[in-house]
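Q: here's my sequence, what's the structure:
(one chain, ligands or ions: 1)
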Amino acid sequence: PSALREIMIQAPDVRWDDIGGLDEAQMRLREGVELPLRSPQSFKRMGIRPAKGFLLFGPPGTGKTLLAKAVAREAEANFVATKSSDLLSKWYGESEQQVSQLFERARQVAPTVIFIDEIDSLAPARGGGIGEPAVTERVVNTLLAEMDGLEDMQGVVVMAATNRPNLLDPALLRPGRFDELVYVPVPDQKGRRKILGIHTRKMPLAKDVDLDDLAQRTERFTGADLEDLTRRAGLIALRENLDAEDVTPEHFNKAFDEIRPSVTPEVEREY
Ligand code: ATP
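A: Residues are numbered from 1 along each chain as shown. Predicted coordinates:
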């Protein structure tokens, strides 16, 4: 049986204003990914090569996937996403084939952003990956060979995401591979305010809902946590009354009782 999965090319639909609190990451990606994809001739003129690979790192739910999609959309590039677990096939030889096919498809439809989520489980520094060690090693070697083989100006940029950058095989971080590291942090209060604004854009908020206050009360909440908070507040409003017209501070207070931040102080210190 063929375990090869279909490679889905997407036209990503995330805009920069759907993302809050990641201004620095956004700036670096615009310059590093968007610029070379949009004006390769400028890089040629300067005699410099653009970066080939970007490693986004930070706690889960902070917006790594969103950033990759937004940068692809902004660059008018196609987007091909995959997870490490999808690339590791138990069928002999097929994992490497998956990786090669991924790159081949990406080149065919260039400009393309390839996004590999959970790359740490594919390429762990000291074994212990999710696949069989031998398979994992061959897959990593194939990935590195594909990245080495990408010629400058071919219009393919690789972005990968990890929650645990220190678990990564150092071979991936050599020049010409993932040579740009982009930190995607837990949002600060200002960032949380923006993210709350984004996720309540379509929500009928009661006049006395104070997003600044909510931002202050949500320390160590990630973007995903904040989205969860707003969604739950909306659900609670509906649970009380299916014809509810707005979401009130009281609904938010109840939502707070149902969730907690996914980031602990210990986790925060790790980055
Ligand atoms: P993981 O490491 O678990 O893959 P991630 O960092 O890739 O997580 P995303 O998948 O980008 O996180 O975010 C999950 C969801 O959380 C998004 O679809 C979005 O709704 C919300 N979210 C996360 N970060 C942000 C942000 N900075 N601004 C707005 N929404 C966000």
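Q: quick one, strands of the stretch 51-200 of the chain?
A: Ranges of strands in the stretch 51-200 of the chain, per DSSP state E, counting those that start in this stretch, are 53-57, 78-83, 112-117, 156-162, 180-183.
Q: and the first one, is it in reach of the ligand?
A: Going back to what we said before, that points to strand 53-57. No - applying CB under 6 Å from any ligand atom, one finds strand 53-57 out of contact with the ligand, separated by at least 7.5 Å. Using the backbone N, CA and C atoms, a C-beta is placed for each residue, glycine as well.
Q: quick one: the helices in the stretch 101-250 of the chain?
A: 119-122, 133-149, 189-199, 211-216, 223-240, 249-258 (DSSP state H, counting those that start in this stretch).
Q: minimum distance to the ligand: which of those helices has it?
A: The ligand lies closest, by CB to the nearest ligand atom, to one member of the helices of the stretch 101-250 of the chain: helix 223-240, at 2.1 Å.
Q: the closest one - contacts with which helices or strands?
A: helix 189-199, helix 249-258 (3 or more CB pairs under 8 Å, 6 or more residues apart in numbering; DSSP states H and E).
Q: near the ligand, which residues of this structure?
A: So the chain meets the ligand at 19-22, 60-66, 117, 161, 163, 195, 198, 223-224, 227 (CB under 6 Å from any ligand atom).
Q: OK, now which residue of the stretch 51-200 of the chain is nearest to the ligand?
A: Nearest residue of the stretch 51-200 of the chain to the ligand (CB to the nearest ligand atom) works out as Gly63 at 3.1 Å.
Q: tell me which of the helices and strands packed on helix 223-240 sits most buried.
A: Greatest average neighbour count among the helices and strands packed on helix 223-240 goes to helix 189-199 (a mean of 20), per mean count of other CB atoms under 10 Å.
Q: on that earlier part again, pipe the helices of the stretch 101-250 of the chain into JSON lines and attach distance to Val109 and mean pLDDT per row.
A: Below are these laid out as JSON lines (distance: least, CB to CB, whole Å; pLDDT from 0 to 100):
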{"stretch": "helix 119-122", "distance to Val109": "22", "mean pLDDT": "82"}
{"stretch": "helix 133-149", "distance to Val109": "16", "mean pLDDT": "84"}
{"stretch": "helix 189-199", "distance to Val109": "30", "mean pLDDT": "98"}
{"stretch": "helix 211-216", "distance to Val109": "40", "mean pLDDT": "98"}
{"stretch": "helix 223-240", "distance to Val109": "29", "mean pLDDT": "97"}
{"stretch": "helix 249-258", "distance to Val109": "42", "mean pLDDT": "97"}
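Q: out of these, nearest to Glu180?
A: Between Glu180 and these, the tightest spacing by CB to CB is seen for helix 133-149, at 12.8 Å.
Q: got the angle for the closest one vs strand 112-117?
A: 150 degrees (axes from the mean of the first three to the mean of the last three CA atoms, to 10 degrees).
Q: these two touch, right, Leu55 and Val182?
A: Yes - contact criterion CB atoms under 8 Å: Leu55 and Val182 qualify, at 6.9 Å.
Q: for Leu55, give the beta-bridge partners.
A: Using DSSP bridges, the beta-bridge partners of Leu55 come out as Ala160, Leu181.
Q: so what's it up against?
A: Applying CB atoms under 8 Å, 6 or more residues apart in numbering to Leu55 gives the contacts 119, 159-162, 165, 168, 172-173, 178, 180-182.
Q: now it: how far from Gln97?
A: 24 Å (CB to CB, to the nearest Å).
Q: swap in Gln26?
A: 35 Å.
Q: please apply the same query to Ala237.
A: Taking CB to CB, one finds Ala237 at 50 Å from Gln97.
Q: tell me which of those two has more neighbours.
A: Applying other CB atoms under 10 Å to Ala237 and Gln97 shows that Ala237 carries more neighbours, namely 23 against 16.
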